[in-house]
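J.: Quick one: sequence plus predicted model below, questions after.
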Amino acid sequence: MKQTSAFRIFLSYLGCHRFTILLFGLFAGIFAVVFSLYTLQPEPVIYSVVLCLFSGGVLTLLRFPRYLRLHRKLNVIKDSILLMVKQLPEPSGLIEKDYQELLLSLNQLYSRKITDSDMARNDLTDYYTTWVHQIKTPIAAMRLLLQNEDIPAGRQLKTELLRIEQYVEMVLCYFRLDSPSSDFVLKYYSLNEIIRQSIRKFAGQFIQKKLRLIYEPTDRQVLTDEKWLSFVLDQLLSNALKYTSTGSITISVDENLVLSISDTGIGIAPEDLPRIFERSYTGYNGRAEKSSTGLGLYLCRKILLRLSHPITVSSEVGKGSTFSIDLSRQFLDVE
């Protein structure tokens, strides 16, 4: 925070006491007029006025250090108001005391609102957590029923069922991500195994859409959270499949441990690129694809920020998009 200069604080101090200064000047003027009515010599009158003004100036300057200390102490409290509001300096008058009591009342009200909001959010998170676990039971049952249905309708139902599972996981992720108890477990994992798990989930869609998957297995280890990184890869693969009708999807890992997912899909409009990670922003492609929620990429970026894995995107309309995740250890290390 930028510090205010002592001179500007002094001007503010004079402004706060302008009424007293004007009143003091008025009294000095009245004093001079009354003395002059008695036909006194100008010297004693001027001397008396100057003495009064000098005394007033000295008293004003003597009180300024207290004003300066009060200003700086309040500035410190302002930066951590919830923690230090009870450490306000002693009020110098009734009005200051009234202001402090008002501030304390507002702080108590704000604290209650924060507590109520946290409790409501925790209740909502608990509700959706329970709901997600309950909805997974019929989803698993439907998947078992569809296992032996190797017909076009059955394969289509499996695809839609996978999409339902993604939306369910997205709900749970959305509520858990901002929770202080987010279950991030950082360990070294086989990147190849994490990627293959996501590929297996979408194998049916690759076959159904007749898209070519290009992936060269890697033996690299990555320091991350397997569950949350898998969620991100699932979202990126799902988007690639959704917006690619012909061609291929490529998953690659370079020597710098940058994981890239490229597709030959419709691409992203240049005006949409800066905003695709914003919450609920769907862009031109999302408006064309009515089922788009605008939450997938928002959650991906938020998760990757928590994991310290930067994500970038490049795209060309009509030629495809590439999402790159930097998994290198320079951004993250085990304590």
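T.: Good, I have the coordinates. Numbering: from 1, shown residues only.

J.: Assign Ile266 to helix, strand or coil.
T.: Three-state call for Ile266 (DSSP: H, G, I helix; E, B strand; the rest coil): coil.

J.: backbone phi and psi for it, please?
T.: Phi and psi for Ile266, reported as degrees, to the nearest 10, are phi -80, psi -10.

J.: How about the one 5 residues further on?
T.: Here is the backbone geometry of Glu271 (degrees, to the nearest 10): phi -70, psi -20.

J.: For it, grab the count of nearby residues.
T.: 9 (other CB atoms under 10 Å). (Each C-beta comes from the backbone N, C-alpha and C, glycine too.)

J.: can you check the one 10 residues further on too?
T.: Here the count is done by other CB under 10 Å, and Tyr281 has 16 residues near it.

J.: please begin residue numbering at 13 from this point
T.: Got it, first residue is 13 now, which makes that one Tyr293.

J.: Give me the spatial nearest neighbour of Arg224, chain neighbours excluded.
T.: Sequence neighbours aside, Ser260 is the residue nearest to Arg224 in space, at 3.8 Å (criterion: CB to CB, 6 or more residues apart in numbering).

J.: The one you found touches Thr276, doesn't it?
T.: Yes - between Ser260 and Thr276 there is a contact at 5.7 Å, judged by CB atoms under 8 Å.

J.: Compare neighbour counts for those two and give me the winner.
T.: For the pair Ser260 and Thr276, the greater number of neighbours falls to Thr276 (20 against 15), based on other CB under 10 Å.

J.: Before we move on, what's the pLDDT of the more buried one?
T.: At Thr276, the model reports a pLDDT of 95.

J.: For it, which non-adjacent residue is closest in space?
T.: Nearest non-adjacent residue to Thr276, counting by CB to CB, 6+ apart: Gly259, 3.0 Å away.

J.: Tell me how far that neighbour lies from Leu253.
T.: Applying CB to CB, to the nearest Å, one obtains 12 Å for the distance of Gly259 from Leu253.

J.: Give me the common contacts of these two.
T.: Common neighbours of Gly259 and Leu253, counting by CB atoms under 8 Å, 6 or more residues apart in numbering, are Leu223.
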